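Trainee: this one's structure only:
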């Protein structure tokens, strides 16, 4: 379970961990398994862990007053899931995070992550790189949401994350794109990208 995580840290931190450093990482993270349809986080909870997906798929979403789900993130292997605001500031979350497949995670608390970043410079580099990538991804997502047509959103997502179309139901993809399932169906029917 930890080997893919070690490779991930080495890749994104730009450093190769020693066995002693990896022992510190292993001590800071706790394995967790959740079943398909089980919640990792629910609206009103405080997000107490940053979760790294070893195996499985998840989604992060809100539910409006009419009961409609609005997916803001998907997560698959080698991705992180959490409400970062809730995690960093111990505030109640507005999100739900649940498993779309049986999922295996490695979780770290804020206290353990803070200590790890102080004792292992590679983890600090990793979190800085993740924050940078997350900020850029969020900017691109906002730009797409406010300036692209439904067809362009579809093409953009297909180009960046084609695996989503194999792993997630069409209705969830539509929610993530901010379009109706009917619109997505029409776009897919007329698209050369399938």
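Mentor: Looks like it arrived, so ask away. Keep in mind the model is a prediction, meaning the values are calculated, not measured.
Trainee: distance of residue 57 relative to residue 184?
Mentor: Going from residue 57 to residue 184 by Cβ to Cβ, to the nearest Å gives 19 Å. (Glycine included, C-beta is placed from N, CA and C.)
Trainee: equivalent analysis for residue 128, please.
Mentor: For residue 128, the distance to residue 184 - Cβ to Cβ - is 36 Å.
Trainee: next one: residue 103
Mentor: Separation of residue 103 from residue 184 (Cβ to Cβ) stands at 25 Å.
Trainee: with residue 35 instead?
Mentor: Distance from residue 35 to residue 184, by Cβ to Cβ: 28 Å.
Trainee: who has more neighbours, those two?
Mentor: A count of neighbours by other Cβ atoms under 10 Å puts residue 184 above the other of residue 35 and residue 184, at 21 against 11.
Trainee: so for the nearest residue to the more buried one once chain neighbours are set aside, what's the pLDDT?
Mentor: Leaving aside its sequence neighbours, residue 184 sits nearest to residue 174 (Cβ to Cβ, 6 or more residues apart in numbering; 4.2 Å). Note for residue 174: predicted pLDDT of 95.
Trainee: can you list contacts of the helix or strand hosting residue 174?
Mentor: Assigned by DSSP states H and E, residue 174 belongs to helix 170-177. Residues outside helix 170-177 that contact it (Cβ atoms under 8 Å, 6 or more residues apart in numbering): 59, 61, 69-72, 74, 100, 150, 153-154, 157, 164-165, 168, 180-181, 183-185, 188.
Trainee: show me which helix runs longest in the chain.
Mentor: Longest helix in the chain by number of residues (criterion: DSSP state H): helix 121-147.
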